[in-house]
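Enquirer: mind looking at a prediction? Sequence and model below.
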Amino acid sequence: MLEHDALLLAAGGSRRLGHSKARLRRDGEALITRSARVLASQQSVRRVAVLGHDAEALADYLPTDWVCVTNAHWQEGMASSLQCGLAALATSRPVLVAGIDQPGLDPSHIHALLSAAGEANEAAIVSDYGGAFGLPALLPRCLHSRAGELSGDRGFKPLIHRADVPCVHVAAPELALDVDTAEDLDKARQRGWIDT
């Protein structure tokens, strides 16, 4: 399996949902805890979680082998959290990045992403939801130094296009459902992915 580091983005304030999605539970486990466990399931070398809103309380939900860093600019959006996390890792290894709002994520998909990378660490390996792609994703080292080009609530997608980085898509239609709104939460509960 490709040697890599793990980055969990968990800084947002769940503004559209109206309450913390990090604390929502699947099978009794908080989403932030579950996401960290699933992301680390393939033996990452180092693990960093970026926190922001309610950082002190959420740090208690993370396993002790995760380093927590606080993004003071979390309200600016995902780009600032990605920059914060990559700066904290300061690594030359590919970085496996995930959020906390995809209750359909499981270890088999993390395995599939890393398997798709093989030993090539200069391609971006992304989750394909069917018509769109995004997290979780394996970001090659060639993109790390360019994270400063990002802004707002957009993640790494613009970097892939601008840097002309090869991009491998791994199918994950179940990850199209992320919990951002009350409607998303209802759908996740109907699928049994969020405890009622």
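Expert: Great, that's in hand. Residues are numbered from 1 along each chain as shown.

Enquirer: how about the contacts made by the residue minimising distance to the centre of the chain?
Expert: Centrality entry for the chain: nearest residue to the mean C-alpha point is Ala98, 1.2 Å, by C-alpha atoms, centre = their mean. By C-beta atoms under 8 Å, 6 or more residues apart in numbering, the contact list for Ala98 reads Ala6, Leu7, Leu8, Leu9, Ser35, Val38, Leu39, Leu105, Leu135, Pro136. (Glycine included, C-beta is placed from N, CA and C.)

Enquirer: for Gly130, same thing?
Expert: Taking C-beta under 8 Å, 6+ apart, one finds Ala171, Pro173, Ala176 in contact with Gly130.

Enquirer: my guess is the second one contacts Ala132. True?
Expert: No - no contact is recorded between Pro173 and Ala132 when judged using C-beta atoms under 8 Å, the distance being 10.4 Å.

Enquirer: so, low pLDDT: which residues of the chain?
Expert: 14, 18-19, 119-121, 163 (pLDDT under 70).

Enquirer: not counting sequence-adjacent ones, nearest residue to Pro103?
Expert: Trp193 (3.8 Å; C-beta to C-beta, 6 or more residues apart in numbering).

Enquirer: ranges for the strands of the protein?
Expert: With DSSP state E as the criterion, the chain has strands at 5-10, 25-26, 29-30, 47-51, 67-70, 95-98, 124-128, 133-139, 167-171.
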